[in-house]
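Colleague: Starting from these lines, generate the structure:
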Amino acid sequence: MSIDRIVMAFAGAVILLSLALAQVFSPWWLLLAAFVGLNLFQAAFTGFCPLALILKKFGAKSGAAF
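Modeller: All right, here's what the predicted structure looks like:
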């Protein structure tokens, strides 16, 4: 799997986890979903993604975006 797909899958999983945690524990968990969304938004324009850098160091296959 390429870095692009891993980043999108990880972001989706964290957002869904954040929504579940907000439903069960506290609405403050929605800040995590907002953080992930903002990070994806800025990555679309700048091409900078911290997770992509980490995955590249672990030897994941490069994709089109990262």
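Colleague: if I look at the residue nearest the centre of the chain, how far off is F58?
Modeller: By CA atoms, centre = their mean, the mean C-alpha position of the chain lies nearest to A11, the distance being 3.0 Å. Noted for A11: a distance of 17 Å to F58, by CB to CB, to the nearest Å. C-beta coordinates here come from the backbone N, C-alpha and C atoms, glycine included.
Colleague: Regarding this protein, what is its longest helix?
Modeller: When the chain is parsed with DSSP state H, its longest helix is helix 3-24.
Colleague: helices and strands around whatever helix or strand comes next after it, which ones?
Modeller: Where DSSP states H and E defines the elements, the next helix or strand beyond helix 3-24 is helix 30-46. Applying 3 or more CB pairs under 8 Å, 6 or more residues apart in numbering; DSSP states H and E, one finds that helix 30-46 contacts helix 3-24.
Colleague: And the helix it packs on, what does it pack against?
Modeller: When contacts are defined as 3+ CB pairs under 8 Å, 6+ apart, helix 3-24 packs onto helix 30-46, helix 50-57.
Colleague: Quick check: which of these is nearest to L17?
Modeller: Evaluated over the helices and strands packed on helix 3-24, closeness to L17 peaks at helix 30-46, with 7.9 Å, by CB to CB.
Colleague: Please state the offset of the closest one from the chain centre?
Modeller: Offset of helix 30-46 from its chain centre (CA atoms, centre = their mean, to the nearest Å): 7 Å.
Colleague: for the record, mean pLDDT for it?
Modeller: Across helix 30-46, the average pLDDT comes to 96.
Colleague: Repeat that for stretch 1-9.
Modeller: The average pLDDT within stretch 1-9 is 95.
Colleague: returning to what we had before: can you redo the helices and strands packed on helix 3-24 as a markdown table with mean neighbour count?
Modeller: Output for the helices and strands packed on helix 3-24, formatted as a markdown table (neighbours: other CB atoms under 10 Å):
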| stretch | mean neighbour count |
| --- | --- |
| helix 30-46 | 13 |
| helix 50-57 | 14 |
